[in-house]
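> need a structure here:
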Amino acid sequence: MFSGTLKENIDFFIDEPNDTVFNQALRISQMSDEVANFTDRELTVVGQRGLSLSGGQKQRMAIARAIARKPELMVFDDITASLDAANEERLMNELNAFAQNLTFIIVSHRLSTLQYVDKILFLDRGKVVGFGTHEELMLLPAYAAFIREHFLEQN
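Numbers count the residues shown, from 1 in each chain. Below is the predicted model:
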């Protein structure tokens, strides 16, 4: 994020910015309601690095910027780390609906993210242990133990 308006931050590097693309990016990234509640709406000025936004808002604004560019590939590192469960679910469902011609690579430490992905690359100490669906990987002892251990930690 750079010092400028929310709209300028999303429209950054778009050849022909328009309200349709901007509003779609806000909707998919789960920022529409929040931007509508800001005093200056999309003309709200954010400080350098999004100083005036929360961690989750910064994360979703960065997602909105990426969506507005209509990429073929998006790489996310802990995409939902700053989001609560409800926002995570809405965001992932919107991205899934938007992603018909889009490939995502999602790096995550949150087990809840597993329910939204098609395939999982499971690493242990930097080595590939397995690749497949969650159900397929549950047949691997190391993956099953990892899942059990993390669910026990959460409860």
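
> going forward, measure contacts between C-alpha atoms and count neighbours the same way
Fine.

> can you pull out the strands in the protein?
Ranges of strands in the chain, per DSSP state E, are 4-5, 45-46, 73-77, 103-107, 120-124, 127-132.

> ok, now how distant is the residue nearest to the spatial centre of the chain from residue 18?
With distances taken as C-alpha atoms, centre = their mean, residue 79 lies nearest the centre of the chain, 3.7 Å away. According to C-alpha to C-alpha, to the nearest Å, residue 79 and residue 18 sit 26 Å apart.

> next one: residue 115
In terms of C-alpha to C-alpha, residue 115 sits 33 Å off from residue 18.

> shaky segments in the protein?
By pLDDT under 70, the weakly predicted segments of the chain are 47-51, 80, 152-155.

> the residue nearest to residue 106 when sequence neighbours are not counted: what's it in contact with?
Distance criterion C-alpha to C-alpha, 6 or more residues apart in numbering; nearest residue to residue 106, sequence neighbours excluded, is residue 76 at 4.7 Å. For residue 76, the contact set (C-alpha atoms under 8 Å, 6 or more residues apart in numbering) comprises 104, 105, 106, 107.

> out of those residues, which is most surrounded?
When those are compared by neighbour count (other C-alpha atoms under 10 Å), residue 106 ends up highest, at 18 neighbours.

> which residues in the chain form helices?
Counting by DSSP state H, the chain has helices at residues 6-11, 19-28, 32-37, 55-68, 85-98, 134-137, 141-154.

> mean neighbour count added to these, as a markdown table?
Compiled in a markdown table, those are given as follows (neighbours: other C-alpha atoms under 10 Å):
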| stretch | mean neighbour count |
| --- | --- |
| helix 6-11 | 22 |
| helix 19-28 | 18 |
| helix 32-37 | 13 |
| helix 55-68 | 21 |
| helix 85-98 | 16 |
| helix 134-137 | 15 |
| helix 141-154 | 12 |
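
> cool, thanks, signing off.
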